[in-house]
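J.: Pasting a predicted model and its sequence here:
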Amino acid sequence: MRPTGVTVIGILGIILGLFGLCGSLCGAAVAGMLPQIAEMAQQSGEQSPELKAMMENPAAMRFVLVGSIVGALLGLWLLIASVMLLGMKPVGYTLMMAYAVVSILWSIVSTGISVAVMGAPSSPISLIGTIAGLIYPVAVLIVLTRPNIKEAFQSSF
């Protein structure tokens, strides 16, 4: 029988994986179209200072594109790991634990790169977003390292 914690983590993982995959793919598409968006804004005479700053910083544009691609890969990884976790497959457990560690590391690294590229934290909202993005991976590490859950997956080997 599957522990309740595994079910909750798996279902939340599927939902967050789908949102992450779709959101990151949309972000990558928008990042690829930033020059056209900036040109259209300039032609209409209305250009925001944020868009102007982004266009003047090619490193920021590359970071947005790379971040979107990494986000899409992490979303796909989470989706696959969640489905396998719900199936009580030991490889699903391993993939989910690895996802949690990589996701935490990516959050820390991307925040550092963002500060380096943009010069300073862009807003308190970005800090709140980083903290909110860490909640699920930390919960995965806490829940999946509980003795009863580890035992359930070890008996599956």
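T.: Received it, and whenever you're ready, just let me know what you need.

J.: Gly87: neighbouring residues, count only.
T.: 12 (other C-beta atoms under 10 Å). In short, each C-beta sits where N, CA and C put it, glycine included.

J.: So what does it look like in phi/psi?
T.: Per-residue torsions, Gly87: phi -80, psi 0 (degrees, to the nearest 10).

J.: Same question for Gly45.
T.: Dihedral angles (degrees, to the nearest 10) for Gly45: phi 90, psi 0.

J.: roughly how far apart are it and Ile11?
T.: The gap separating Gly45 from Ile11 is 48 Å, by C-beta to C-beta, to the nearest Å.

J.: who has more neighbours, the two?
T.: Neighbours per residue (other C-beta under 10 Å) separate Gly45 from Ile11, with Ile11 holding more: 13 against 6.

J.: Okay, buried residues for the helix or strand hosting Ala100 please.
T.: Assigning secondary structure by DSSP states H and E places Ala100 in helix 90-118. Buried residues in helix 90-118, counted by 16 or more other C-beta atoms under 10 Å: 92-93, 95-97, 99-100, 103-104, 106-107, 110-111, 114, 118.

J.: Quick check: what element follows that helix along the chain?
T.: helix 124-144.

J.: Tell me what angle that next one forms with helix 90-118.
T.: Using axes from the mean of the first three to the mean of the last three C-alpha atoms, to 10 degrees, the inter-axis angle of helix 124-144 relative to helix 90-118 is 160 degrees.

J.: let's number from 40 now, not from 1
T.: I'll keep to 40 as the first residue from here, and by that count the last item is helix 163-183.

J.: Phi, psi for the most centrally placed residue in the chain please.
T.: With distances taken as C-alpha atoms, centre = their mean, the residue of the chain nearest its centroid is Gly110 (4.6 Å). Dihedral pair for Gly110: phi -60, psi -40, per degrees, to the nearest 10.

J.: Fine, thanks again, bye for now.
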